[in-house]
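K.L.:
Here is my input, please return the structure:
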Amino acid sequence: MPFTLRPSGVPASLHGDRAQQTVSCRMRRRRLQCQCLSPQKPNLSLCSGSVPVHIFGVQHLERQAHIGEHILRSGASAVVVETALTPQHGAQSGNVFQCEGEDIMHAGPFARMLCYCARQLAELPSPADTPVWESFQRQFGGEQLAYIAALAVGAALIFGDQPKELTYQRLMSLPSLSDLDRTFGSQAALNYEESLSGQPAIAQRADYTLAQHIMQTEREAVLCQSLHKAANSRAAGQAFRQPLVVGVVGEAHLEGIAELWENSRWQGVLDKIHEGGVRDSENKDGQRAGVRRALAESVLRLSCVDSVLADVSSSLGPVPADQAHAYSLTRELYGTTRMLLACLPKADLAKVCCGWRCDMYEELQPLRALRPCNSGVGFDESVVLELRALDFDVPPSTALHPSQTLSML
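P.N.:
Coordinates of the predicted model:
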């Protein structure tokens, strides 16, 4: 049956102050988007002993030149980044990239180009005030400018995140099917809530599922550890007037890092990171393993860009033959609008859509019954075939206001 989407609001800004932050921040699309009061001020100003730690939140691929400028003007001794410059750089947390030796020998064309740019800046007095830096700002995003600046001032460029392969492996092995399903439902509900209200919809960290804990909290703890190690390494104070560590992380991690840094709470997270093992009973069963991978990818699809999904597929390799059938049907089912709507409580569903000559909540019951969090198996071929065969013709008698959208489930 067709349904009518009620007009959604326009995203609005939410401003507020946080301790130890020198910014005015707003939450939008579940990411902490920080607007600097000064172009060189960090989002978080922390300390490890006597060493200052300045952390900047980046919007990946956005041009945030103030981060690189801060590194150039401050002469940072170490720059800890969430995103590795090369695969070798990101193979292990704590790896340092240098524009020489094996690092540059195995680097691709892009990394070589950044090294060339860094060498150009290193030869200039006050590089942040030169036309060369202005030119780079027009060509590169914030993270790339941070790489160039770090290499130009001779700072240690440290990969601070957990290796992505380990995160993928833990996400695919530790959470139960029910946990992954609840994570999917939670994210779907947040997306709808934000679309309707125009206000940010944020998952409460206290209510994180295991999957969310792996994707966010564990990585934030590793980033904290990397920042702490960089600040306390012997190299941090060598050849510099004043040791300074700069962190460059995704904006979504700022809040978690701030919380974990307090009283070194990140150490407790790391102590538990290797506890628990693979759910052998689920992963040895081809059907359940296929459902697991499809659910994990569906979770990522709701909150990550396509390049992350492509990277997951590349890291995990092809879906085994004994998992392919369950994987394909589960992935297709969890990619439908109906499954997204089936994740909503009845009251929230009524805010999103209304049935035409039907009770929408009752219409979605067959899909809710398939969800692992409701003791379902995750897919049903007959249900998928039925969804494929939906009639998309709109009855001519249906009249809609121009501000409304008519769609088919």
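K.L.:
In its sheet, which strands sit next to the longest strand anywhere in the chain, and in what direction?
P.N.:
Ranked by residue count and defined by DSSP state E, the top strand of the chain is strand 51-58. If you go by DSSP bridges, strand 51-58 pairs up with strand 44-48 (antiparallel), strand 245-250 (parallel).
K.L.:
The ones you listed into JSON lines, with extra columns for mean pLDDT, mean neighbour count and distance to residue 287?
P.N.:
For every residue, glycine as well, the C-beta is placed using N, CA and C. JSON lines is the format used below for the strands paired with strand 51-58 (pLDDT from 0 to 100; neighbours: other CB atoms under 10 Å; distance: least, CB to CB, whole Å):
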{"stretch": "strand 44-48", "mean pLDDT": "95", "mean neighbour count": "18", "distance to residue 287": "45"}
{"stretch": "strand 245-250", "mean pLDDT": "96", "mean neighbour count": "26", "distance to residue 287": "35"}
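K.L.:
now the ones you listed as a markdown table including distance to residue 102?
P.N.:
A markdown table is the format used below for the strands paired with strand 51-58 (distance: least, CB to CB, whole Å):
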| stretch | distance to residue 102 |
| --- | --- |
| strand 44-48 | 29 |
| strand 245-250 | 24 |
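K.L.:
now what about the longest strand of the chain, what contacts it?
P.N.:
For strand 51-58, contacts defined as CB atoms under 8 Å, 6 or more residues apart in numbering pick out 32-34, 42-47, 64, 66-67, 70, 74, 76, 142-143, 146, 227, 231-232, 236-237, 243-254, 257.
K.L.:
what's the next secondary structure element after it?
P.N.:
The first helix or strand that comes after strand 51-58 along the chain, using DSSP states H and E, is helix 65-74.
K.L.:
Can you list the buried residues in that following helix?
P.N.:
The neighbour-count check on helix 65-74 (16 or more other CB atoms under 10 Å) flags 65, 66, 67, 68, 69, 70, 71, 72, 74 as buried.
K.L.:
swap in stretch 128-147?
P.N.:
For stretch 128-147, by 16+ other CB under 10 Å, it's 128, 133, 136, 137, 140, 141, 142, 143, 144, 145, 146, 147.
K.L.:
Need the per-residue pLDDT for the third one.
P.N.:
It refers to residue 136. pLDDT for residue 136: 96.
K.L.:
So which elements touch whatever helix or strand it lives in?
P.N.:
If you go by DSSP H and E, residue 136 is part of helix 131-139. Secondary-structure packing of helix 131-139 (3 or more CB pairs under 8 Å, 6 or more residues apart in numbering; DSSP states H and E): helix 65-74, helix 109-122, helix 142-152.
K.L.:
pLDDT below threshold where in the stretch 251-400 of the chain?
P.N.:
For the stretch 251-400 of the chain, residues meeting the criterion pLDDT under 70 lie at 275-284, 391-400.
K.L.:
try it again with 50
P.N.:
Residue ranges of the stretch 251-400 of the chain with pLDDT under 50: 398-400.
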